[in-house]
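S.K.: Okay, here's the prediction I keep looking at, along with the sequence it came from:
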Amino acid sequence: MGHGHDHTHGANKKILLISLFIITTYMIVEVIGGYLTNSLALLADAGHMLSDAISLAIALIAFKLGEKVASKSKTFGYKRFEILAAVLNGVTLIIIALFIFYEAIERFANPPEVATTGMLIISIIGLAINILVAWIMMRGADVEGNLNMRGAYLHVLSDMLGSVGAIVAALLIMFFGWGWADPLASVIVAFLVLRSGYYVTKAAIHVLMEGTPQNVNVNDVIQTIEKVKGIQSIHDLHIWTITSGLNALSCHVVVDAELTIAESERMLRKIEHDLEHKGIMHITIQLETAAHKHDNSILCKIKNEPTHLHHHGHSH
């Protein structure tokens, strides 16, 4: 584990903490504001901010637990917590979105009075706060590489749209008296919340089902291993995600019978090195000769059935 990794890790954590504090504080303001001004758009945006706060908190706890375990033992430890929490996060978002949809239907039928000035002020401050948090994240954290940080960052970006929606709705009610603008803005935000809830849940369940990681091409991995000198074929190949950014692979490799131990070692080093470039960090390979019988493996006969494997490995 390099110094660079530790540095970005620390930076990610600090920025998550700052962002979490700002967003949670503002979410409380927005809930109270939405309640007092009677604006569903503000409440919807607060729901969206809650989803931000949850995903930031999950990211933080996942970083903390990941650290705690990595130092003491080499087993997977608490790394799966992040994925379980992500499922919880996704389901929460879906429930919030459905609740907002339900409320909005009622409001379309008979739009209530909304205190537009208060609504406008609160949503403008909300937009400013989202821009601030997004800027802090962009500047100091790894929003490209770390799935956790990236998720939190995308949340904040879509949150901006929620604030913009509330601002526009407030202006429409002020100038044109269009009462339906408030429930309409809330429906748009609810749709964003529902969408992120769906994707978060889907991605997390894929990981829990030990699905092939999105960023790994199985056929590519097979070719990478098979082109190493001395390898005849591979079988029992499994590629899965332990937690975001940590992909694992295990397989059996059939090698030439006359390989020496030193040659086998060299071969393994080469495979490990090549696969690291393909995004696989945790690699377990069992070497065996053709004399070793293997009939009952889950993914046997890989070489003869590329179509079957292709079907198995890819999930978009």
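M.R.: Cool, got the structure. Since we're looking at a predicted model, the values are computed, not measured.
S.K.: domain assignment for this protein?
M.R.: 9-209, 218-288 (the TED database).
S.K.: Longest strand of the chain, counting residues only.
M.R.: Identified as the longest strand of the chain according to DSSP state E is strand 231-243.
S.K.: Name the residues of that one that come out as buried.
M.R.: Neighbour-count burial for strand 231-243, with 16 or more other Cβ atoms under 10 Å as criterion, is recorded at 231, 233-237, 239-243. Just so you know, the C-beta spots here come from the backbone N, C-alpha and C atoms, and that holds for glycine as well.
S.K.: cool, stretch 91-105 as well?
M.R.: 92-94, 96-97, 100-101, 103-104.
S.K.: shouldn't His238 be in contact with His252?
M.R.: No - in this structure, His238 is not within contact of His252 by Cβ atoms under 8 Å, at 10.3 Å.
S.K.: on that earlier part again, quick one: name whatever helix or strand follows the longest strand of the chain.
M.R.: Elements were assigned by DSSP states H and E; along the chain past strand 231-243, the next helix or strand is strand 246-255.
S.K.: the inter-axis angle of that following strand versus strand 231-243?
M.R.: Direction vectors for strand 246-255 and strand 231-243, defined by axes from the mean of the first three to the mean of the last three Cα atoms, to 10 degrees, enclose an angle of 160 degrees.
S.K.: Could you list the paired strands of strand 246-255 along with their orientation?
M.R.: strand 231-243 (antiparallel), strand 282-289 (parallel) (DSSP bridges).
S.K.: Leu56 versus Leu268, what's the distance?
M.R.: For Leu268, the distance to Leu56 equals 40 Å [Cβ to Cβ, to the nearest Å].
S.K.: Which of the two has more residues huddled nearby?
M.R.: Neighbour count, other Cβ atoms under 10 Å: between Leu268 and Leu56, Leu56 has more, with 29 against 15.
S.K.: The closest residue to the more buried one other than its chain neighbours - how many residues pack around it?
M.R.: Of all residues not flanking Leu56 in the chain, Leu20 sits nearest, at 4.2 Å (Cβ to Cβ, 6 or more residues apart in numbering). Burial of Leu20 is recorded as 20 neighbouring residues (other Cβ under 10 Å).
S.K.: Isn't Leu20 up against Ile61?
M.R.: No - using Cβ under 8 Å, Leu20 is not in contact with Ile61, being 10.6 Å away.
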